[in-house]
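> below: sequence and its predicted model.
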Amino acid sequence: MQSLQFKFNVQHDCFAAGCGATGVQHVVQERVESTQTIPVIVHEDNPRYIINLYALHNASRLRRHLPRSITRPRHIHEDRVLFHSDLAQSLRVTQGHKRSETKEKTAATRAQNKRKRAIQEGTKSRDKGNSYSSDEGSDESS
């Protein structure tokens, strides 16, 4: 046990193994197995595991014991600057389109609200013109 230097957690690599929701399991309700089933993941036998080197409290120790080819950071995109500029260009187009749609929608909403206010004000002014107090038009015979 003296050769043990530290512990670490590994996760089964379902993506590489091709694991999928190919199994079924019966639902248990009130300690009784029902006829309802739910899909479950069936793990394939594969000796490949994933080590999260960036979330461990002992990541530096782990990196010292693993070869650099495994632990070195890898770029997601070969030309990062080109990727960012392409992404920025596509967002400029997308954002411009979204802004114009928003502007049109805002104008339509304002016009609709203006029409509603005009109708409400017209209704109010007609009600005021047609309203009368109970004292008006009544004959007082005292």
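Great, that's in hand.
> which residues touch residue 69?
By C-beta atoms under 8 Å, 6 or more residues apart in numbering, the contact set of residue 69 is empty. From N, CA and C alone the C-beta is placed, and that goes for glycine too.
> can you list the domains in this structure?
Under the assignment automatic domain parsing, the domains of the chain span 11-71, 78-129.
> the longest one spans what distance, first to last residue?
The stretch domain 11-71 measures 16 Å between its terminal residues, going by C-alpha to C-alpha, to the nearest Å.
> and that domain, how far from the chain's centre?
24 Å (C-alpha atoms, centre = their mean, to the nearest Å).
> the shortest one too?
Domain 78-129 sits 23 Å away from the centroid of its parent chain (C-alpha atoms, centre = their mean).
> so for that domain, mean pLDDT?
Mean per-residue pLDDT for domain 78-129: 88.
> can I get stretch 105-117 in PDB, CA atoms only?
C-alpha atoms of stretch 105-117 as PDB (Å, rounded to 0.1, in the frame of the first residue of the first chain):
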ATOM      1  CA  LYS A 105     -42.300  44.600 -34.200                       C
ATOM      2  CA  THR A 106     -41.900  47.700 -31.900                       C
ATOM      3  CA  ALA A 107     -43.400  50.000 -34.600                       C
ATOM      4  CA  ALA A 108     -46.300  47.600 -35.100                       C
ATOM      5  CA  THR A 109     -47.000  47.400 -31.300                       C
ATOM      6  CA  ARG A 110     -46.800  51.200 -31.000                       C
ATOM      7  CA  ALA A 111     -49.300  51.700 -33.800                       C
ATOM      8  CA  GLN A 112     -51.600  49.100 -32.300                       C
ATOM      9  CA  ASN A 113     -51.400  50.700 -28.900                       C
ATOM     10  CA  LYS A 114     -52.100  54.100 -30.500                       C
ATOM     11  CA  ARG A 115     -55.200  52.800 -32.200                       C
ATOM     12  CA  LYS A 116     -56.400  51.200 -28.900                       C
ATOM     13  CA  ARG A 117     -55.900  54.500 -27.000                       C
END
